[in-house]
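Colleague: show me the folded form of this:
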Amino acid sequence: MVQNRQTQHSPIHRQALMAALMPIRQRLQQRIAARQTGASADLETLPIPSSTPDSLGASALEQLCQTFQLAPFERGILLLCAGVELDPTLRQLCAQAEPELKHGAPTFNLAGLVLAQGHWDAFVPASPLRHWQLIEVGASRQLMTAPLRIDERILHHLMGIPYLDERLSGLLHPVAVPQVLVPSHQTQIEAIVASRGQSESARSLVQLCGADGENNAAIAAAACKQLKLSLFGLSTNALPLNPADLHQFLRLWEREVALSNAALLLEWDDTHELDAARESAIALLIETVTGLLLISGRNRKALPQQATLTLEINAPTASEQRYLWQATLGDYAAHLNGYVETLVSQFNLNTSTIQAAGQQVKGYDALHQSGTNQLTETDICTTIWEVCRVQSRPQLDDLAQRIDPKEAWADLILPMQQKQMLLDVVAHVRRRSLVYEHWGFAGRSNRGLGISALFSGTSGTGKTMAAGSIAHELKLDLYRIDLSSVVSKYIGETEKNLQRVFDAAETGGVILLFDEADALFGKRSDVKDSHDRYANMEVSYLLQRMEAYRGLAILTTNLKEAIDPAFLRRIRFVVRFPFPEYGDRMAIWERIFPPQTPTQDLNFKKLAKLNLAGGNIRNIALNATFLAAEAGSPAVTMEHLLKATQSEYLKLERQLTEAEVKGWV
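Modeller: As a prediction, this is how the structure comes out:
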């Protein structure tokens, strides 16, 4: 059992080390003199390397000897190896003491000759010197004459220099202590500190369960600071899988814990399924690692040993986020006319993200103040909003397709009833905080507070465009998820895929557009086997997450009739997108070409007679524009539209009649 010690960089350690080396030097000199005269040196009469004088206090050398329980003979070997690194004359003395060896380095044989109280136990692999890799034994045919070298990490430690072993630094990273802590997180920090103090074992295991890894890490780092521990993070993806490499890592980490009072934060990657080799490596780490081990992940893990403490980590509460915004923005917050409330209602950000966003806004404002134009309150509000959107994107960009919404309400051609329903969706998102928090609806029940919508209609009737219009109106990001690619044939995988999407989206309140809902929804069939039962569980899981989601989740389907009414009752808005009638098709044609596109003698009344959905109309207009550009025509004409229409009908496998295109050209 090793004992934890920590050293501070100070001249005291070098002084103590050099003082302890003096008897070693004397013994080497007397050994050389004895060889030259042929006499034998009486080791018992030679001075034994003494402990550090009291005036020097507890040096790193004495702390290390106590930590790893080194016997006086082992202490002497370590000193001998350290001395040749610090003083070239000592290496010369070693070479003179064993002139038959060419390498000139210390050896076990030399240690036995010049150090008292020698014993063979110090040479075996299980000895503290070799088990903890305090020294390295070089290649040689004979153990006793093999060159010995002090481990570099140990040498730096004896000099009182904080230094992480380079074999660990490539896998670990220091976890920064947060500057600001919210009260809800402070309570959890105190729980970790208390559990460590109550534990009788040298090992402690704490689970931190929360979707935001930054929150978990901040709490872990703050707790370790109170415990006077240095915290290092290790991703499960970085854990060595080769058994030899893994055992080397575990031994070096255990040594590091003893040397520097370190703790480990295992960052569990929930975005990918663990293979058998990685699961085995993680299990071995959890079973063998010493000191304090904290595990950060989205969900509670089934661990090979009982956790000392398990905590559910949530984002800062709404009131805490308001405080963080006001503290970060400073004087800006007072002049934003309550805009902080809007930020909190839409974005669910952690402490570091709010601070980073606030610093970006201040920097942007300072840049403008150096010029002629100063930012207005509206400019600052817009800047903060955009910074929050950008800060929230990285977590979701790898899981879904971000769509840049450019469609305005005027571009959306729908009957008034459907358009009003879409406006109601916008109102629910925009006034969510007011109704739920300030008017009390959230206090009655947590169920059904998410805003969900189902858009149904044949392909090309504007479902995706409507989602873009809503996103454009709310100034939010729109992410498209193809449900056909999310659904997995493997039981339980669909829920995991959906969980990753919702967890990543929670911070930014983005709009989630689940396309091809038919791939998951359908008439609920009689449960005949486990696959039927799990299929219904997948749908229930998606609806459960939609009901709890802070933002807006939209499902699209071409066949509303295929969806079980029991599922529909759990969706707040159901909007049917009808096939456009003649008047709507006319309006679509009149708006389909951008103002910059040159057109000539287009007859929208005749074009509107084509019985096509808006998506097909857009395809024809775009294709006709390319035809005109390729032909070198100064403008898009009906002739170009005729050719594009013929191509679109061929794609749709429909017959284009002469009556439909009569009088076009």
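
Colleague: please count neighbours and contacts with C-alpha atoms only from this point.
Modeller: Will do.

Colleague: tell me how far Gly450 lies from Arg545.
Modeller: Taking Cα to Cα, to the nearest Å as the criterion, Gly450 is separated from Arg545 by 8 Å.

Colleague: looking at those two, which is more packed in?
Modeller: Counted by other Cα atoms under 10 Å, Gly450 and Arg545 do not tie: Gly450 has more neighbours, with 23 against 17.

Colleague: list the contacts of the more buried one.
Modeller: For Gly450, the set of contacting residues under the criterion of Cα atoms under 8 Å, 6 or more residues apart in numbering consists of Met546, Glu547, Ala548, Tyr549, Arg550, Gly551, Leu552.

Colleague: ok, for the fourth one, nearest residue in space, not its chain neighbours?
Modeller: Going back to what we said before, that points to Tyr549. Beyond its immediate neighbours in the sequence, the residue positioned closest to Tyr549 (Cα to Cα, 6 or more residues apart in numbering) is Gly450, lying 4.8 Å away.

Colleague: tell me the confidence at that neighbour?
Modeller: Reported pLDDT at Gly450 in the predicted model: 86.

Colleague: let's number from 68 now, not from 1
Modeller: Right, with 68 as the first residue, what we last looked at is Gly517.

Colleague: contacts only, for Val190.
Modeller: Rather than Val, residue 190 is Phe. Under the criterion of Cα under 8 Å, 6+ apart, the contact list for Phe190 reads Phe175, Arg197.

Colleague: can you list phi and psi of it for me?
Modeller: Main-chain dihedrals, Phe190, degrees, to the nearest 10: phi -100, psi -20.

Colleague: check Leu723 too.
Modeller: Listed backbone geometry of Leu723 is phi -90, psi 110, with angles given as degrees, to the nearest 10.

Colleague: all strands for this protein, in order.
Modeller: If DSSP state E is used as the criterion, the strands of the chain fall at 202-204, 215-217, 240-241, 271-276, 297-302, 329-334, 359-364, 376-379, 468-470, 518-523, 545-549, 578-582, 619-624, 640-643.

Colleague: what is the third one packed up against?
Modeller: Other elements packing on strand 240-241 under the criterion 3 or more Cα pairs under 8 Å, 6 or more residues apart in numbering; DSSP states H and E are strand 297-302.

Colleague: can you pull the buried residues of the strand it packs on?
Modeller: Of the residues in strand 297-302, those buried by neighbour count under the rule 16 or more other Cα atoms under 10 Å are Ser297, Leu298, Phe299, Gly300, Leu301.

Colleague: walk me through the domains of the protein.
Modeller: Structural domains annotated on the chain: 78-230, 235-379, 385-459, 476-643, 649-728, as defined by automatic domain parsing.

Colleague: between those domains, which gets nearest to Ala467?
Modeller: Proximity to Ala467, assessed across those by Cα to Cα, is greatest for domain 476-643 (5.4 Å).

Colleague: spatially central residue in this protein, please.
Modeller: Note on the chain: the residue nearest the mean C-alpha position is Gly280, at 5.6 Å, using Cα atoms, centre = their mean.

Colleague: can you pull the contacts of that one?
Modeller: Listed by Cα under 8 Å, 6+ apart, the contact partners of Gly280 are Glu334, Ser363, Gly364, Arg365.

Colleague: in TSV, list the domains of the chain along with distance to Gln468.
Modeller: Shown next, in TSV, are the domains of the chain (distance: least, Cα to Cα, whole Å):
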stretch	distance to Gln468
domain 78-230	43
domain 235-379	17
domain 385-459	14
domain 476-643	5
domain 649-728	20
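
Colleague: out of those domains, which gets nearest to Ile470?
Modeller: When the domains of the chain are compared for distance to Ile470 using Cα to Cα, the nearest one is domain 476-643, at 5.4 Å.

Colleague: sorry, back to before: Thr375: which of the contacts of Gly280 is nearest?
Modeller: Each of those was scored against Thr375 by Cα to Cα, and Ser363 proved nearest at 14.2 Å.

Colleague: still on that earlier bit, now pLDDT too, for the contacts of Gly280, in TSV please.
Modeller: Shown next, in TSV, are these (pLDDT from 0 to 100):
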residue	pLDDT
Glu334	96
Ser363	96
Gly364	92
Arg365	86
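
Colleague: scan those and report the most crowded one.
Modeller: Counting by other Cα under 10 Å, top hit in the contacts of Gly280: Ser363 with 31 neighbours.

Colleague: what about that residue, distance to Asn417?
Modeller: For Ser363, the distance to Asn417 - Cα to Cα - is 16 Å.
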